[in-house]
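Asker: only geometry, no sequence info:
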């Protein structure tokens, strides 16, 4: 009898903010992101790029994940003058961050043979390229056209 040793590749979570002009900010966490990771990213990094309503980057659209619905996050954002909008349940086609993550995962799959289990260099390179990606046409396709500048 032959036994295979099971090994799981390293797992990473990407906390990602995307605008019509590309990736606004991100953080990469080893393993699953939790509330502390989200809080640290929001309070120390993402908020530097946000502004009070009705300024640029003043609306944060999130899906209904439990980690996003944390009251402390919502109070922090409201205190900074950022408007929070939650997407309807079961509507990933409206979530532009999901679309960006799928493109990034495609980059990782394409380069998997070259990098093996060390996907971080490909992940960071893909995020850097996506920072320059124009998403305006995709946003218009899914109904956000009136909000694009």
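Answerer: Everything's here; your move. All values reported here derive from a predicted model rather than from experimental measurement.
Asker: Tell me which helix or strand residue 26 sits in.
Answerer: Here residue 26 sits within strand 22-30, counting by DSSP states H and E.
Asker: helices or strands up against that strand?
Answerer: Judged by 3 or more Cβ pairs under 8 Å, 6 or more residues apart in numbering; DSSP states H and E, strand 22-30 is in contact with strand 12-19, helix 35-44, helix 120-130. The C-beta positions use only the backbone N, C-alpha and C, and glycine is treated the same way.
Asker: for the ones you listed, which one sits closest to residue 93?
Answerer: strand 12-19 (14.4 Å; Cβ to Cβ).
Asker: Which parts of that closest one count as buried, going by neighbours?
Answerer: Buried residues in strand 12-19, defined by neighbour count with 16 or more other Cβ atoms under 10 Å: 14, 15, 16, 17, 18, 19.
Asker: How much space separates the residue lying closest to the fourth one once chain neighbours are set aside from residue 60?
Answerer: When you say that, I think you mean residue 17. Excluding the flanking residues, the one nearest residue 17 by Cβ to Cβ, 6 or more residues apart in numbering is residue 24, at 4.3 Å. To residue 60, residue 24 is 10 Å away according to Cβ to Cβ, to the nearest Å.
Asker: out of these two, which sits in the more crowded spot?
Answerer: residue 60 (20 against 16; other Cβ atoms under 10 Å).
Asker: and the more buried one, that's in a strand?
Answerer: Yes - judged by DSSP: H, G, I helix; E, B strand; the rest coil, residue 60 forms part of a strand.
Asker: Low-confidence stretches in the protein?
Answerer: Applying pLDDT under 70 to the chain flags residues 1-10, 20-21, 112-120, 128-149.
Asker: about what we covered before: next, the contact list for the residue nearest to residue 17, please.
Answerer: The contact partners of residue 24, taken as Cβ atoms under 8 Å, 6 or more residues apart in numbering, are 17, 18, 46, 49, 57.
Asker: mind redoing it with 10 Å?
Answerer: 16, 17, 18, 46, 49, 50, 57, 60, 131 (Cβ atoms under 10 Å, 6 or more residues apart in numbering).
Asker: next one: residue 25
Answerer: 15-19, 41-42, 45-50, 57, 131.
Asker: If we use 7 Å, what do you get?
Answerer: By Cβ atoms under 7 Å, 6 or more residues apart in numbering, the residues touching residue 25 are 17, 45, 46, 49.
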